[in-house]
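K.L.:
please find the sequence and the predicted model below.
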Amino acid sequence: MPIIVVPKKITLLLLILSILCSINSSAASDWKELSSEHFILYYMNDENFSSQVLNKAENYYQRIASDLGYARNSNFWTWNNRAKIYIYPDHGSFMRSTGQPDWSKGMADYNKKEIVSFLGSGSFVESILPHEMTHLIFRDFVGFKGEIPLWLEEGIAQWEEEKDREMFRDYLGKYLSKNLLISLEELNVLDIRNIKKEDRLYLRVIYAGESKGFPVFLSGDNLVKVYYMESVSIVSFLIEIYGTDSFVSLCRGLREGKTFADALKSAYSPLINSMSELENKWIEYLRKF
Ligand SMILES: [Zn+2]
């Protein structure tokens, strides 16, 4: 058998390449797979937890679809069209792979129809999963034609975190009593994805309600909280006071390409005719708690 002498430099290069290849292939092969009627779930460890997630996902699917106005028999997301759920083993690997800000506990990718989160994120099954599923189902329903305000989408997603509804309301009551709410106008233009929790800068926003027009200062952390709480509160106000049918009709208007203000008016008039009427009635509703 001939002996092949490999120069030292090449040996080193080969060694590095083989290490890199083994890292890559082990990362890819570490994903294990479970599937159900509407989902394929990828996980690295904890099969028990993963199958619980899959069961829950099927339950949420039925509830969210009906809340958003899908007909009972519109069986979307089947076979090759199933949604994918990825559960990373920890927060670090989730952030590295998704590039999400550190306060994010999960994300939905509309194009790939994927939900991504991580193991050990305490509230994954009860909160993150229904939240991210709502993002996907909502976008399936309204599409990308209309101008969908981000707060509305976040509000609906949080509304589907059913068990947290009361907690959101209590928190918001405290912020309202301290005059720390931002106006609906401000909510509409704010892109919360650019706010980082650890920001030490205080941001100037405008209080909604009696002191409307007065500036308040919020840390990045508080601004994220206020934004999400207000979003879910406005959605819960619309659904609890005016019912699901009107809300579905608002979503349908957005799907047709109407602006939020026009879709709002056509779904709620004569009870609500404009954004500022919505804001005033919502603040009135909040004061009752
Ligand atoms: Zn969200």
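P.N.:
Yep, that arrived.
K.L.:
which stretches of the stretch 151-289 of the chain have low pLDDT?
P.N.:
Low-confidence segments of the stretch 151-289 of the chain (pLDDT under 70): 196-213.
K.L.:
count of neighbours near residue 221?
P.N.:
15 (other Cβ atoms under 10 Å). C-beta coordinates here come from the backbone N, C-alpha and C atoms, glycine included.
K.L.:
oh, that last question was meant for residue 137, not what I typed.
P.N.:
The local packing of residue 137 (other Cβ under 10 Å) involves 25 other residues.
K.L.:
just use 187 as the starting number from now, easier for me
P.N.:
OK, 187 is where the count begins now, so the last one is residue 323.
K.L.:
that one contacts residue 253, correct?
P.N.:
No - using Cβ atoms under 8 Å, residue 323 makes no contact with residue 253, being 9.0 Å away.
K.L.:
now do stretch 236-246: distance to the chain's middle.
P.N.:
Chain-centre distance of stretch 236-246: 18 Å, with Cα atoms, centre = their mean, to the nearest Å.
K.L.:
convert that stretch to PDB, retaining C-alpha atoms only.
P.N.:
Output of stretch 236-246 as PDB, limited to C-alpha atoms (Å, rounded to 0.1, in the frame of the first residue of the first chain):
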ATOM      1  CA  SER A 236     -42.700  18.200  22.100                       C
ATOM      2  CA  SER A 237     -45.700  15.900  21.700                       C
ATOM      3  CA  GLN A 238     -47.600  18.000  24.300                       C
ATOM      4  CA  VAL A 239     -46.800  21.100  22.100                       C
ATOM      5  CA  LEU A 240     -48.100  19.300  19.100                       C
ATOM      6  CA  ASN A 241     -51.400  18.400  20.800                       C
ATOM      7  CA  LYS A 242     -51.800  22.000  22.100                       C
ATOM      8  CA  ALA A 243     -51.000  23.400  18.600                       C
ATOM      9  CA  GLU A 244     -53.900  21.400  17.100                       C
ATOM     10  CA  ASN A 245     -56.300  22.700  19.700                       C
ATOM     11  CA  TYR A 246     -55.200  26.300  19.200                       C
END
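K.L.:
for the stretch 187-336 of the chain, what spans make up the helices?
P.N.:
According to DSSP state H, counting those that start in this stretch, the stretch 187-336 of the chain carries its helices in the segments 194-215, 233-253, 277-284, 315-328, 336-345.
K.L.:
ok, residue 376 - contacts?
P.N.:
With contact taken as Cβ atoms under 8 Å, 6 or more residues apart in numbering, residue 376 is in contact with 336, 337, 368, 391, 409, 413.
K.L.:
tell me how many other residues surround the closest residue to residue 254 other than its chain neighbours.
P.N.:
Nearest residue to residue 254 in three dimensions, chain neighbours excluded: residue 327, at 5.3 Å (Cβ to Cβ, 6 or more residues apart in numbering). When neighbours are defined as other Cβ under 10 Å, residue 327 has 19 of them.
K.L.:
show me what contacts residue 327?
P.N.:
254, 255, 256, 437, 441.
K.L.:
name the member of these that has the highest neighbour count.
P.N.:
residue 437 (21 neighbours).
K.L.:
now for that one: which residues touch it?
P.N.:
When contacts are counted by Cβ under 8 Å, 6+ apart, residue 437 touches 254, 255, 324, 327, 328, 449.
K.L.:
mind checking the SS state of the closest residue to residue 362 other than its chain neighbours?
P.N.:
Nearest residue to residue 362, sequence neighbours excluded (Cβ to Cβ, 6+ apart): residue 472, at 5.5 Å. Taken by DSSP: H, G, I helix; E, B strand; the rest coil, the conformation at residue 472 corresponds to helix.
K.L.:
isn't residue 472 up against residue 420?
P.N.:
No - between residue 472 and residue 420 there is no contact under Cβ under 8 Å: 9.7 Å.
K.L.:
and the gap between the spatially most central residue of the chain and residue 302?
P.N.:
Nearest to the mean C-alpha position of the chain, by Cα atoms, centre = their mean, lies residue 318 at 4.6 Å. Look at residue 318 and residue 302: by Cβ to Cβ, to the nearest Å, they are 8 Å apart.
K.L.:
which residues are common contacts for those two?
P.N.:
With Cβ under 8 Å, 6+ apart as the test, residue 318 and residue 302 both reach 292, 293, 294.
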